[in-house]
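S.K.: okay, structure incoming, though there's no sequence with it:
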């Protein structure tokens, strides 16, 4: 399953109000990104969700991902997804990371903006090294800034060596309170049912039962065009390619 970019639908459903000092804010946050890459020698990726672009800085650990041409001066890519890194991540772990990021996004949206910097994600994902062997990499995500209308705007992902200890379950996903060190195990967070509307959840439930659009239309007493519009919205919100993937993601997230 291709899970790269499945958060994009969530981001696209935000309304981004521009900051009057946008360039200055981005420049200030890039200094934070460079500081992480310098001090931790990690790979630091800041994604601008409004502009659909990312800035990549890499310390010495960048060599693990083949980022030989990337140093501390930000490399700009026209995407919020660091595809060259994702290609080395184990597909199962990439899927689990995706669920963690979706839950984190919804969790932060429920908080006032001044509380959001208190939290980050933490997980251990398997990535292929130059000898094509799986090695654990520590992955963290936090959001540096929100827009004036409180949409999540600048996201920071950090990749660093994960050590030799494998997590007991999956990727050891957790949402961490950076002030107290308390970790909220993702399994305790009851999914993101609000990601889809009630109607969309009903349509997807019928899809999971193998019903065609015509049959769903008859059951729900709505037109086929309306059913197809709901189905398209579901794919966009979950950022998946087809209904089979949508059902799998929705079940894993506890949407229904």
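M.R.: Good, I have the coordinates. Because the structure is a prediction, the values reported are computed rather than measured. Numbering: from 1, shown residues only.
S.K.: low-confidence stretches in the chain?
M.R.: 1-9, 185-194, 239, 252-254, 256 (pLDDT under 70).
S.K.: distance between the ends of stretch 98-117?
M.R.: End-to-end distance of stretch 98-117 (CA to CA, to the nearest Å): 20 Å.
S.K.: show me what the residue nearest to residue 120 when sequence neighbours are not counted is bridged to.
M.R.: The spatially closest residue to residue 120, leaving aside those adjacent along the chain, is residue 142, at 4.0 Å (CB to CB, 6 or more residues apart in numbering). C-beta here means a position set from N, CA and C on the backbone, and glycine is covered the same way. Using DSSP bridges, the bridge partners assigned to residue 142 are residue 156.
S.K.: report the secondary structure state of the residue nearest to residue 40 when sequence neighbours are not counted.
M.R.: Spatial nearest neighbour of residue 40, excluding adjacent residues (CB to CB, 6+ apart): residue 160 at 5.7 Å. Look at residue 160: counting by DSSP: H, G, I helix; E, B strand; the rest coil, its state is strand.
S.K.: circling back to that earlier point, from residue 233, how far out is the residue nearest to residue 120?
M.R.: When distance is defined by CB to CB, to the nearest Å, residue 142 is 29 Å away from residue 233.
S.K.: ok, back up a step: the residue nearest to residue 120 touches residue 117, doesn't it?
M.R.: Yes. With contact defined as CB atoms under 8 Å, residue 142 counts as touching residue 117 (6.9 Å).
S.K.: the two: who's more crowded?
M.R.: Neighbour count, other CB atoms under 10 Å: between residue 142 and residue 117, residue 142 has more, with 19 against 16.
S.K.: tell me the contacts of the more buried one?
M.R.: Each residue near residue 142 by CB atoms under 8 Å, 6 or more residues apart in numbering is listed here: 117, 119-121, 155-156, 178.
S.K.: quick revisit: shared neighbours of residue 142 and residue 117, which are they?
M.R.: residue 178.
S.K.: assign residue 84 to helix, strand or coil.
M.R.: Residue 84 is classified as helix under three-state DSSP.
S.K.: what sits against it?
M.R.: Residue 84 touches 65-67, counting by CB under 8 Å, 6+ apart.
S.K.: that older thread, tell me how far the residue nearest to residue 120 lies from residue 73.
M.R.: 22 Å.
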